[in-house]
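Asks: please find the sequence and the predicted model below.
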Amino acid sequence: MTQGLWVVNSSLLIVLGLAVFANSFLAQEPPILRLKRIVSEEYRPDRQESAPTTIKTWEKIYLSDIFKTFVKTEKTRIVKKSFITPIPEPRIPTIPPTPEIKTVDFVAPLTISIKGLIVAADEYKSIAMIADETNKEDIYHLGDKIKDAQIIKIAQNRIIFIRSNGQHETFYLRSNQLMPESTKKWDEIIKKVSDQQFEVDPKAFEEEIETLGFFLERFSVIGTVFSEGNPIGIRIGKLDPESIGAQFGLIENDIITTINAQSTTTPENRIALFDAVTAMKEGETITVELLRGNTPIKLLYTLKHIEKTQKALLPPGAQPTAQPQPGSSPDAQLQKSRLQEREHRIREFKKQHAPKQNNEALAEVRNRLLNNLKTRLRNTRVR
């Protein structure tokens, strides 16, 4: 036990001796701070202070640009600008070129034929059976389309179509019931009294000219005429001698200025004039003022009923019934009313046309309609 303590004490003495030796060998003296002596200088007024020649530290750092981030900017010199701008030169107006007048391209007529017509009191319920160029029959109603044509009217013996370019086409059920010659047709609408006076049947005219578009087309109205930049009226184009415009006493290049003292220069006035004229009653007069070769002319149209010459439609080979002579019988000399004349014509028509023929014709039309409906039902796809 005493021997172990002796070893520990000896080792501690050796360590202490080594520490003292190392401290004496490695010890250094601290540096001595030497302060400079500051000598105050007296102020001398005659002494000039020299400007510092050293550059400021922060400027030196920027100019050295150690990190390449300094961008030297040059001082821009402010120049006084004038806010008075020169007067711009006037622009030369450019006149747009006059657009070319488009020519109307007429479409080839439809290659169809009418096989049957059923006219109802409601025009939308009327039925027309039409066959195309392949002789395929189908049923059509008012407003239906065939290629580029649309049905706009289904009458007792004809169908009227309007094509994609605006032209009208009329197809008849029977060729022997085609419309009469135009001159004879217009005789039932207008009657010439003198060169500047005419009589017009308002009901017949309204049946023939239904809309303002029909009027402009039938009377060949080209457009508005201008004189010195101001509209003066509407010009009449080329007219056929047998057209309704020629029967009304108009010729080519006539300029209609007023109708019943109202101007015709704007579309609104034309619509109002058409409505006003169609609303006029029998006995009233329509006054039309126009220019014909710079000569003013006034045309007068008196609204008056014109008796129509009615002709019964007879089948081929049939002869018209002989009318009784004035002295043949007392009944023939008595004047009949319009209702009695209509009943008489119906009786005569029934005598000339046997009921059997009518029944056969109606049965044939019904069979065609039923067969066509059956064919369409068979071809209908079931979904």
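Replies: All right, it came through fine. Quick caveat: nothing in here was measured; it's all calculated off a predicted structure.

Asks: next up, the contacts around residue 305.
Replies: When contacts are counted by Cβ atoms under 8 Å, 6 or more residues apart in numbering, residue 305 is found next to 201, 203, 282. To be clear about C-beta, it is placed using only N, CA and C from the backbone, and glycine gets the same treatment.

Asks: A strand includes it, no?
Replies: No - Residue 305: not assigned to a strand; according to DSSP: H, G, I helix; E, B strand; the rest coil it is coil.

Asks: ok, now how distant is it from residue 200?
Replies: With distances taken as Cβ to Cβ, to the nearest Å, residue 305 is found 10 Å from residue 200.

Asks: mutual contacts of those two, please.
Replies: Common contact partners of residue 305 and residue 200 (Cβ under 8 Å, 6+ apart): none.

Asks: re the thing from before, filter the contacts of residue 305 down to just the buried residues.
Replies: residue 201 (16 or more other Cβ atoms under 10 Å).

Asks: out of the contacts of residue 305, which are inside helices?
Replies: Counting by DSSP state H, these place residue 203 in helices.

Asks: same list (the contacts of residue 305) but as CSV, adding pLDDT and distance to residue 118.
Replies: Below are the contacts of residue 305 laid out as CSV (pLDDT from 0 to 100; distance: Cβ to Cβ, whole Å):
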residue, pLDDT, distance to residue 118
201, 86, 30
203, 84, 26
282, 86, 35
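
Asks: closest to residue 16 out of the contacts of residue 305?
Replies: Distance ranking of the contacts of residue 305 against residue 16, using Cβ to Cβ, places residue 203 first at 150.8 Å.

Asks: what's the separation between the closest one and residue 194?
Replies: The gap separating residue 203 from residue 194 is 23 Å, by Cβ to Cβ.

Asks: cool, and residue 211?
Replies: For residue 211, the distance to residue 194 equals 30 Å [Cβ to Cβ].

Asks: please apply the same query to residue 172.
Replies: Separation of residue 172 from residue 194 (Cβ to Cβ): 36 Å.

Asks: more neighbours: these two, which one.
Replies: Set residue 172 next to residue 194 and count neighbours by other Cβ atoms under 10 Å: residue 172 wins out with 16 against 8.

Asks: what sits closest to the more buried one if chain neighbours are left out?
Replies: residue 158 (4.8 Å; Cβ to Cβ, 6 or more residues apart in numbering).

Asks: mind listing what that neighbour touches?
Replies: 114, 170-173.

Asks: from these, which single one is nearest residue 76?
Replies: For the contacts of residue 158, the nearest to residue 76 is residue 170 (86.3 Å; Cβ to Cβ).

Asks: quick one: the helices in this structure?
Replies: 2-26, 57-64, 182-187, 202-208, 212-218, 244-247, 267-278, 330-333, 338-352, 355-379.

Asks: nearest to residue 298 among these would be which one?
Replies: helix 267-278 (16.2 Å).

Asks: buried residues in that closest one?
Replies: Residues 270, 273-274, 277 are the ones in helix 267-278 that count as buried (16+ other Cβ under 10 Å).

Asks: ditto for stretch 114-130
Replies: Of all the residues in stretch 114-130, those buried under the rule 16+ other Cβ under 10 Å are 114-117, 126-130.
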